[in-house]
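Peer 1: How does the following fold in three dimensions:
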Amino acid sequence: MAEVDRDTTEAILEERLAELRRTRTAMRRESEGGTSGEVAHLDNHPADEGTETHERELEVTTGIFLDEEERRIDEARRALAAGTYGTCTACGAQIPSARLAAVPEAVRCLDCQRHFEGLHSQHHSLRTES
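Peer 2: Predicted coordinates for the structure are as follows:
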C-alpha cells in the first residue's frame, strides 16, 4: 500500500461522498420545483417541449455520472479498508501520490485508467451501432 494517512484519506472520501449526495439532493429539488407548478403541456410551444426534454436528458446523464463516481468512491474505500489503497487494480503498480491527491477515489494508475475508459468507450460505441 502506498504511504497514505488512512484517517485523512477516509475523511476525504467521505466528504466527496457527502458532496455527491448534496448534489443529488439539489438536483432533485430543482427538478421537482420546475415541474410541480407547471400547467398542462397542451399549450406549450414545441420548443418548450424540446427544452424540457433536453433538461431531463441532462439530469439522467448527470445521474449516471454521479452513480459512477459513488461506485468509485465505494471501491476506493474498500481498497483502503483492505490495505490495497494506492495499488492499481489492473496492473498492481503503485498509483502516484499526485494522482491520489487529485483523484482520491482512483483505483487504477493513469495508463490503466485510460485503457479502461477506452475499452468502455469502444464497448458502448459497438452497442449503439448495432
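Peer 1: quick one: secondary structure of Tyr85?
Peer 2: coil (DSSP: H, G, I helix; E, B strand; the rest coil).
Peer 1: Counting neighbours, what do you get for the spatially closest residue to it that is not a sequence neighbour?
Peer 2: Counting by Cβ to Cβ, 6 or more residues apart in numbering, the nearest residue to Tyr85 once its immediate chain neighbours are dropped is Ala79, at 4.3 Å. From N, CA and C alone the C-beta is placed, and that goes for glycine too. Using other Cβ atoms under 10 Å, Ala79 has 20 neighbouring residues.
Peer 1: what does Ala76 give?
Peer 2: Neighbours around Ala76, by other Cβ under 10 Å: 23.
Peer 1: next one: Ala47
Peer 2: 8.
Peer 1: Any idea how far the helix or strand where it lies is from the middle of the chain?
Peer 2: Taking DSSP states H and E as the definition, Ala47 sits inside helix 46-82. In terms of Cα atoms, centre = their mean, to the nearest Å, the centre of helix 46-82 is set 6 Å apart from its chain centre.
Peer 1: tell me the mean pLDDT over the next helix or strand after it?
Peer 2: The helix or strand immediately downstream of helix 46-82 is helix 97-102, counting by DSSP H and E. For helix 97-102, mean pLDDT is 94.
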